[in-house]
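Q: Sequence unavailable; structure follows:
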């Protein structure tokens, strides 16, 4: 016979918060499912032309197209945007988060300037044979839309 007192049974009514994912966990799950995630890559064929105006403009155009596809619930139109440079084996040589940005940044000179500035980092790793630039954009509006829809369901 046990001499330890038995624990009182758990009150199942108060346990709902343990089964419900936290907002942080919910956002992580949505991102892992690809909600709001846009990715693209661009080859770096000529190391001497690392930051050609044409490549910078191609990246900015992709950002604009991606932002044009995103939802904007409650006026949430911000995106998190990052660029990275990899070698031919996929090793990341450098990366830079451009932070959380509003779309209008990419419809003026500031967007192109920020993308061009990333290539200063790429130049710093030129001796490690950069092969491609990868862009990742996360639509905060798409995440908010999906969270709103899951609450309504």
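A: Ah, there it is. Just so it is clear, the structure is predicted and the values come from calculations on it, not from any experiment.
Q: Buried residues of stretch 75-85, list them for me.
A: For stretch 75-85, burial by neighbour count (16 or more other Cβ atoms under 10 Å) applies to 76-81, 83-85. For every residue, glycine as well, the C-beta is placed using N, CA and C.
Q: Distance of the residue positioned nearest the centre of the chain relative to residue 144?
A: Among the residues of the chain, the one closest to the centroid is residue 138, at 3.7 Å (Cα atoms, centre = their mean). Using Cβ to Cβ, to the nearest Å, residue 138 is found at 12 Å from residue 144.
Q: Same check on residue 130?
A: Distance, residue 130 to residue 144, by Cβ to Cβ: 35 Å.
Q: on that earlier part again, quick check, nearest of the buried residues of stretch 75-85 to residue 116?
A: residue 83 (10.9 Å; Cβ to Cβ).
Q: Would you mind checking the average pLDDT for the strand ranked longest in the chain?
A: Longest strand in the chain, counting residues (DSSP state E): strand 92-101. For strand 92-101, mean pLDDT rounds to 95.
Q: Show me where this structure has its strands.
A: 37-43, 79-86, 92-101, 132-139.
Q: Within its sheet, name the partner strands of the last one and how each one runs.
A: What that stands for is strand 132-139. Strand 132-139 sits in its sheet next to strand 37-43 (antiparallel), strand 79-86 (antiparallel), going by DSSP bridges.
Q: Low-confidence stretches in this structure?
A: Across the chain, the ranges flagged by pLDDT under 70 are 1-21, 47-49, 151-153.
Q: Run through the helices of it in chain order.
A: Secondary structure of the chain (DSSP state H): helices at 16-19, 23-33, 53-68, 109-124, 140-152.
Q: tilt between the third one and strand 37-43?
A: Interaxial angle, helix 53-68 versus strand 37-43 (axes from the mean of the first three to the mean of the last three Cα atoms, to 10 degrees): 170 degrees.
Q: Could you list the buried residues of helix 53-68?
A: By 16+ other Cβ under 10 Å, the buried positions in helix 53-68 come out as 55-56, 59-60, 62-63, 66-67.
Q: can I get those in TSV with distance to residue 36?
A: Formatted as TSV, these follow (distance: Cβ to Cβ, whole Å):
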residue	distance to residue 36
55	25
56	24
59	19
60	19
62	16
63	14
66	10
67	11
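Q: residues in contact with the longest strand of the chain?
A: Residues outside strand 92-101 that contact it (Cβ atoms under 8 Å, 6 or more residues apart in numbering) are 78-87, 111, 114-115, 118, 121-122, 124-125, 128, 130, 140.
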